[in-house]
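Have a look at this fold, sequence not included:
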């Protein structure tokens, strides 16, 4: 499989300002695979893989000394292999050893001639609470589930990916591309982006096996909850996690604690919800009162939506059969819309530095699915699951803030098109969203300048 994060690792390797790199991400998202593939490709015979979960004695070494000299000499003695300048050292499952995280500070300061990777589930790294976090002494890379482009690459569909990446004139895609991309997007909504499930689908086209793997991933998450959370908090976290399909099945899918348990509130379940967000098992999107920069300054902490980290886990936990996705009845309409939102959010989140938000107002009732901060402006984003794109909400938003908004974006199953300041992006092109938005803004500026000159 081809992971786009490999490009980031290769850029880190070449950077003159390189620091030890912490790779974060949920369990079973492919961190170990990525690091070992990188090692075999660029450091064959010159890398050292160490796993704190498999070898608890390693933790004792870091507890007794933080000196890179002592640590490296001991590691070399234990393995029988010298660790030379220019070698790569991989510390895996670091949530089991908080002291190793702290030691990265000294590797940065005293052994910059080494390449150091450290990984563990974000869950473990958040809760490990190292004695002194190495602020300013480490780089970070967050590994997300595979996006749709990686899903296509895993199936040998590099040609389709190239077509999506090379589209720059906002011309509609030809039908012979639109149809297969739509079909494969449907597969992606079912399989999702967890690497093992993707591998099962690509190798055997076996949806049953892919769903069994999804179930094992969710079981691993459940085990993480009960292993890392307190005995009091773990059942609450599990209840919040299990409530997400219900939360997202309503027309207004704003998170409600009453869906977790009748008459419950943030005081009882707020910490459990935050635990899921910190563990990256769920993504939180806050409501903002107006489209100001930065968006975070206008967030309402009490109004938010919660989405799944991966669209495949969404469909699996919801119990949605693949056949339902293709021809959904009206009763399924809201869930289908939330699935499209989850798909878009999953892809957009890594593309933007600032977290996405949403906007709504009560009178007249209107809601814009997402707001993104791009080049100093706010871009409203509407998500539609089909070719039906009728929606008064974006018009209400534009009537209220139109002078501040040079571009609006709609994701749907209509073809690529730029009509005035409305950019329609097919859902299967969501990985190209930021690039297309920037191109559309440039075109808007060019058109504005031309009109001024005339």
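Received, thanks. Because the structure is a prediction, the values reported are computed rather than measured.

going forward, measure contacts and count neighbours with C-alpha atoms only.
Noted.

Mind jotting down where the strands sit in the stretch 51-200 of the chain?
Taking DSSP state E, counting those that start in this stretch as the criterion, the stretch 51-200 of the chain carries its strands at 88-92, 115-119, 139-142.

Just put these in a markdown table and tack on mean neighbour count and distance to residue 297.
Listed next are these as a markdown table, based on neighbours: other Cα atoms under 10 Å; distance: least, Cα to Cα, whole Å:
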| stretch | mean neighbour count | distance to residue 297 |
| --- | --- | --- |
| strand 88-92 | 23 | 37 |
| strand 115-119 | 24 | 32 |
| strand 139-142 | 15 | 24 |
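
now those strands in TSV, with distance to residue 192 and mean pLDDT?
Below are the strands of the stretch 51-200 of the chain laid out as TSV (distance: least, Cα to Cα, whole Å; pLDDT from 0 to 100):
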stretch	distance to residue 192	mean pLDDT
strand 88-92	25	97
strand 115-119	23	96
strand 139-142	18	92
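
Need these in a markdown table (columns: distance to residue 405).
Output for the strands of the stretch 51-200 of the chain, formatted as a markdown table (distance: least, Cα to Cα, whole Å):
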| stretch | distance to residue 405 |
| --- | --- |
| strand 88-92 | 45 |
| strand 115-119 | 40 |
| strand 139-142 | 31 |
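
so which of the ones you listed comes closest to residue 82?
Residue 82 sits nearest to strand 88-92 of all those, at 11.7 Å, using Cα to Cα.

So in that sheet, which strands flank that closest one, and in what orientation?
For strand 88-92, sheet partners with direction are given as strand 47-51 (parallel), strand 115-119 (parallel), following DSSP bridges.

List the buried residues for stretch 148-160?
Of the residues in stretch 148-160, 148-154, 160 count as buried by neighbour count, 16 or more other Cα atoms under 10 Å.

Can I get those residues in a markdown table including pLDDT?
Supplementary listing: these in a markdown table, determined by pLDDT from 0 to 100:
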| residue | pLDDT |
| --- | --- |
| 148 | 97 |
| 149 | 97 |
| 150 | 97 |
| 151 | 97 |
| 152 | 97 |
| 153 | 96 |
| 154 | 95 |
| 160 | 94 |
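
where are the low-confidence patches of the stretch 301-450 of the chain?
Residue ranges of the stretch 301-450 of the chain with pLDDT under 70: 322-334, 447-450.

can you give me the strands in it?
When secondary structure is read from DSSP E, counting those that start in this stretch, the stretch 301-450 of the chain shows strands at 357-361, 366-374, 377-383, 408-412, 417-419, 422-426.

Not counting its own residues, what contacts the third one?
Contacts of strand 377-383 from elsewhere in the structure, counted by Cα atoms under 8 Å, 6 or more residues apart in numbering, are 291-293, 337, 340-341, 344, 368-373, 394, 404-412.

filter the residues you listed to the buried ones?
With neighbours counted by 16+ other Cα under 10 Å, the contacts of strand 377-383 contain buried members at 291-292, 337, 340-341, 344, 368-373, 394, 406-412.

Touching stretch 248-260 from outside, list them.
With Cα under 8 Å, 6+ apart as the contact definition, stretch 248-260 has outside contacts at 239-240, 243, 246-247, 263-266, 269, 303-307, 334-335, 338.

burial measure for residue 136, as a count.
Residue neighbour count, defined by other Cα atoms under 10 Å, stands at 9 for residue 136.

what residues are up against the nearest residue to residue 401 once chain neighbours are set aside?
For residue 401, ignoring the flanking residues on the chain, the nearest one in space by Cα to Cα, 6 or more residues apart in numbering is residue 291 at 8.0 Å. If a contact means Cα under 8 Å, 6+ apart, then residue 291 has 298, 359, 371, 378, 401 as its contacts.

Across the sheet, point out what pairs with the third one.
When you say that, I think you mean residue 371. Applying DSSP bridges, one finds that residue 371 bridges with residue 357, residue 380.

when you give positions from now on, start the count at 119
OK, 119 is where the count begins now, so the last one is residue 489.

I figured it hits residue 472, correct?
No: using Cα atoms under 8 Å, residue 489 is not in contact with residue 472, being 10.3 Å away.

what about the helices in the stretch 269-418 of the chain?
Per DSSP state H, counting those that start in this stretch, the stretch 269-418 of the chain has helices spanning 276-284, 293-309, 313-322, 325-346, 351-366, 384-396. These are given in chain order.

Which of the residues in the third one are classified as buried?
Read that as helix 313-322. Applying a neighbour-count criterion of 16+ other Cα under 10 Å, one finds 313-320 buried in helix 313-322.

Let me know the secondary structure of residue 147.
Applying DSSP: H, G, I helix; E, B strand; the rest coil to residue 147 yields a three-state assignment of coil.

So it versus residue 123, what's the distance?
Shown here: residue 147 relative to residue 123, a distance of 12 Å by Cα to Cα, to the nearest Å.

that older thread, the helices of the stretch 269-418 of the chain into TSV, with extra columns for distance to residue 137?
Supplementary listing: those in TSV, determined by distance: least, Cα to Cα, whole Å:
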stretch	distance to residue 137
helix 276-284	31
helix 293-309	35
helix 313-322	27
helix 325-346	29
helix 351-366	35
helix 384-396	24
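
To residue 541, which of the ones you listed lies closest?
Comparing these under Cα to Cα, the one sitting nearest is helix 276-284, at 15.5 Å.

Quick one: distance of that closest one to the chain centre.
The chain centroid and the centroid of helix 276-284 are separated by 21 Å under Cα atoms, centre = their mean, to the nearest Å.

Quick one: list the elements packing against it.
Counting contacts by 3 or more Cα pairs under 8 Å, 6 or more residues apart in numbering; DSSP states H and E, the secondary-structure elements packed against helix 276-284 are helix 266-272.

Who are the packing partners of the helix it packs on?
Helix 266-272 sits against helix 276-284, helix 293-309, helix 313-322, with contacts defined as 3+ Cα pairs under 8 Å, 6+ apart.

I'd like those helices written out as TSV, with distance to residue 330 added.
Written out in TSV, the entries for the helices and strands packed on helix 266-272 read as follows (distance: least, Cα to Cα, whole Å):
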stretch	distance to residue 330
helix 276-284	27
helix 293-309	11
helix 313-322	8
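
how near is residue 352 to residue 401?
Distance check for residue 352 against residue 401: by Cα to Cα, it reads 19 Å.

When the two are compared, which one has more neighbours?
Neighbour comparison, residue 352 and residue 401: the larger count goes to residue 401, with 22 against 19 (by other Cα under 10 Å).

Count residues in the vicinity of the nearest residue to residue 190 once chain neighbours are set aside, would you?
Of all residues not flanking residue 190 in the chain, residue 201 sits nearest, at 6.9 Å (Cα to Cα, 6+ apart). Using other Cα under 10 Å, residue 201 is surrounded by 19 other residues.
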